[in-house]
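Student: predicted model, plus sequence, below.
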Amino acid sequence: MWTLLLLLWVTPGPEAFNKGIGEPCEEHLECRSGCCVSNSLNPHRFCTAQTFFQHCLPWHKPVGYQCYHHWECQSRCCSQIGRSLKRFCVSKTIFLQCVPWRKLKGDLCRSHRECLSQCCIRQRDSSPRRCTPRTGILAQCLPLN
């Protein structure tokens with residue numbers, strides 16, 4: 001009899017397992033997934049999914065958040081955006097590769113692959129090479145002359 005009462009007291013009721021992924025929580029028992037982890041952006045904890053091996057997945061930053069390492073991001077991609085030296089979580093390409101940051105129009109460059117336009121040329125023989133937009137009907141890498 002005492003064992004049954006003890007089990008009823010220790011076993012959580014159905015209301016304990018009602019929170020879905022992304023909802024705030026304080027303990028693993030509150031989540032349907034059984035995982036309640038800390039969010040690195042604030043001190044709160046949220047329900048997250050489990051891996052195939054029933055481990056709780058850590059919280060990762062979504063696309064657009066500032067990062068320093070690939071592992072910080074949900075996409076596993078942390079890249080420089082724009083001319084600032086800051087890095088942000090970015091999405092992956094359809095080939096599951098991290099979108100690399102490329103130089104913008106007018107930036108100094110050494111090769112085509114450095115530029116967003118994939119076009120790094122000199123406008124005049126004496127000028128430095130710069131990223132330029134592709135031009136013409138066939139979108140070629142031509143000087144603007």
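Tutor: Thanks, I have the structure now.

Student: from here on, just use CA atoms for contacts and neighbour counts.
Tutor: OK.

Student: what ranges do the strands span in the chain?
Tutor: Per DSSP state E, the chain carries strands over the ranges 24-25, 36-38, 45-47, 66-67, 78-80, 87-89, 120-121, 130-131.

Student: quote the end-to-end distance of stretch 48-57.
Tutor: Criterion CA to CA, to the nearest Å; first-to-last residue distance in stretch 48-57 is 6 Å.

Student: show me what it is in contact with.
Tutor: Gly20, Ile21, Gly22, Ser33, Gly34, Cys35, Cys36, Val37, Pro58, Trp59 (CA atoms under 8 Å, 6 or more residues apart in numbering).

Student: by neighbour count, which of those wins?
Tutor: Cys36 (29 neighbours; other CA atoms under 10 Å).

Student: for that residue, give the beta-bridge partners.
Tutor: Cys47 (DSSP bridges).

Student: list the contacts for it?
Tutor: Cys25, Glu26, Glu27, His28, Glu30, Arg45, Phe46, Cys47, Thr48, Cys56.

Student: out of those residues, who's the most crowded?
Tutor: Cys47 (29 neighbours).

Student: next up, the contacts around that residue.
Tutor: 19-25, 28, 31, 33-37.

Student: returning to what we had before: and the furthest pair within the contacts of stretch 48-57?
Tutor: Across these, the longest distance by CA to CA is 15.4 Å; it joins Gly20 and Pro58.

Student: now for Leu104: which residues touch it?
Tutor: Gly82, Cys115, Leu116, Ser117, Cys131.

Student: show me which of these are buried.
Tutor: When the contacts of Leu104 are checked for burial by 16 or more other CA atoms under 10 Å, the buried set is Cys115, Leu116, Ser117, Cys131.
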